[in-house]
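[1] okay, predicted coordinates and the sequence, questions at the end:
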Amino acid sequence: MESAAPVIVAIDGPSGTGKSSTSKAVAAQLGLRYLDTGAQYRAITWWMVTNGIDTDDPQAIAAAAGKPEIVSGTDPADPAITVDGVDVSGPIRTQEVTARVSAVSAVPEVRARITELQRSIAAAAEHGIVVEGRDIGTTVLPDADLKIFLTASAEARAARRSGELKGADVNATREALIKRDAADSSRKTSPLAKADDAVEVDTTDLTLAQVVECVVTLVEEKRAGK
Ligand SMILES: Nc1ncnc2c1ncn2[C@@H]1O[C@H](COP(=O)(O)OP(=O)(O)O)[C@@H](O)[C@H]1O
Ligand SMILES: Nc1ccn([C@@H]2O[C@H](COP(=O)(O)OP(=O)(O)O)[C@@H](O)[C@H]2O)c(=O)n1
């Protein structure tokens with residue numbers, strides 16, 4: 001018999017390892033909600049840039065961290081995100097936001113605010129949720145039922161990302177990814193890290209369908225109490 005208990009799945013890893021695509025597909029297949037926490041950090045960064053806050057000044061970022069109202073949709077088929085009621089799903093993906101997001105997300109006041117938001121969204125998911133990010137298994141939801149840590153070679157990740165950004169140079173994309181990973185992994189507050197009890201999946205030589213199948217199987221095993 002299928003269990004009705006909500007299931008919480010944490011999927012972490014560096015950029016381009018397949019977190020968003022895997023999480024959305026797993027959530028859709030299993031009837032769970034979905035939360036893209038990177039989009040929330042991008043949204044607060046977009047607000048800082050738009051409002052003229054110096055993103056190289058942690059004190060200025062900390063002072064403004066409570067101002068924007070960020071609302072995340074949790075439908076895996078339509079993961080909306082708004083800031084003060086404005087749909088920012090497009091603007092949060094610009095190169096400018098991507099280049100500044102690590103500095104903004106390293107500020108403890110920003111992390112405290114966004115982490116609280118993430119926990120309340122996860123707690124409200126009746127049937128469960130797939131939450132993807134950098135510190136979900138370690139900090140945000142340390143009691144998650146299943147923790148996955150996705151990895152892939154820098155070459156594979158850069159090829160995937162530059163495939164998305166039309167005309168982007170693979171080498172420049174690779175360097176930018178490596179720089180962002182280093183910043184995210186070395187910050188003091190809640191860095192990008194694999195939780196001790198996370199299952200590591202190297203996606204370099206796997207198709208997206210294979211990764212999804214692997215994670216769905218792991219969730220089903222958890223639900224069956226194995
Ligand atoms: N296993 C895979 N093999 C090939 N391409 C993949 C795989 N997983 C994801 N992708 C593609 O790589 C790109 C980045 O994936 P995404 O899910 O956004 O990664 P992340 O959320 O970790 O940054 C997307 O275009 C996606 O379709
Ligand atoms: N849980 C999270 C998720 C993202 N982030 C930050 O947000 C940035 C953007 O995350 P993302 O998931 O949108 O990045 P991509 O994988 O799409 O490149 C990361 O580089 C981190 O700086 C974080 O600090 N903690």
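    Thanks, I have the structure now. Ligands and ions are numbered 1, 2, ... in the order given.
[2] residues from this structure in reach of ligand 2?
    Residues of the chain found near ligand 2 (C-beta under 6 Å from any ligand atom) are 15, 37-39, 41-42, 101-102, 105, 133-136, 180, 184. C-beta: built from backbone N, CA, C; applies to glycine.
[3] ok, 5 Å please
    Residues of the chain lying close to ligand 2 by C-beta under 5 Å from any ligand atom are 15, 37-38, 41, 101-102, 105, 133-135, 180, 184.
[4] among those, which lie within strands?
    With strands defined by DSSP state E, the entries of those inside them are residue 133.
[5] inside helices: which ones of the residues of the chain next to ligand 2?
    37-38, 41, 101-102, 105, 180, 184 (DSSP state H).
[6] out of those, which is most surrounded?
    residue 105 (26 neighbours; other C-beta atoms under 10 Å).
[7] filter the residues of the chain next to ligand 2 by proximity to ligand 1?
    Restricting these to those near ligand 1 - C-beta under 5 Å from any ligand atom - leaves residue 15.
[8] go ahead and flag the most central residue of this structure.
    With distances taken as C-alpha atoms, centre = their mean, residue 133 lies nearest the centre of the chain, 2.7 Å away.
[9] kindly state the pLDDT recorded for that residue?
    Predicted confidence (pLDDT) for residue 133: 98.
[10] show me what contacts it?
    Residue 133 makes contact with 10-12, 19, 36-38, 118, 140, according to C-beta atoms under 8 Å, 6 or more residues apart in numbering.
[11] ok, of those, which one's closest to ligand 1?
    When the contacts of residue 133 are compared for distance to ligand 1 (C-beta to the nearest ligand atom), residue 19 wins out at 3.4 Å.
[12] how about the closest one, what does it touch?
    So residue 19 contacts 11-13, 38, 132-133, 150 (C-beta under 8 Å, 6+ apart).
[13] if we can go back for a sec, now the contacts of residue 133 as a markdown table including pLDDT?
    Putting the contacts of residue 133 into a markdown table (pLDDT from 0 to 100) gives the following:
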| residue | pLDDT |
| --- | --- |
| 10 | 98 |
| 11 | 98 |
| 12 | 98 |
| 19 | 98 |
| 36 | 98 |
| 37 | 98 |
| 38 | 98 |
| 118 | 98 |
| 140 | 98 |
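[14] and the ones in helices among the residues of the chain next to ligand 2, which is closest to residue 145?
    Distance to residue 145 across these (C-beta to C-beta) is lowest for residue 37, with 17.5 Å.
[15] and the contacts of the worst-scoring helix or strand of the chain on mean pLDDT?
    None of the helices or strands of the chain scores lower by mean pLDDT, DSSP states H and E than helix 154-164, at a mean of 88. For helix 154-164, the surrounding residues in contact (C-beta under 8 Å, 6+ apart) are 14-18, 152, 168-171, 173-174, 177-178, 203-204.
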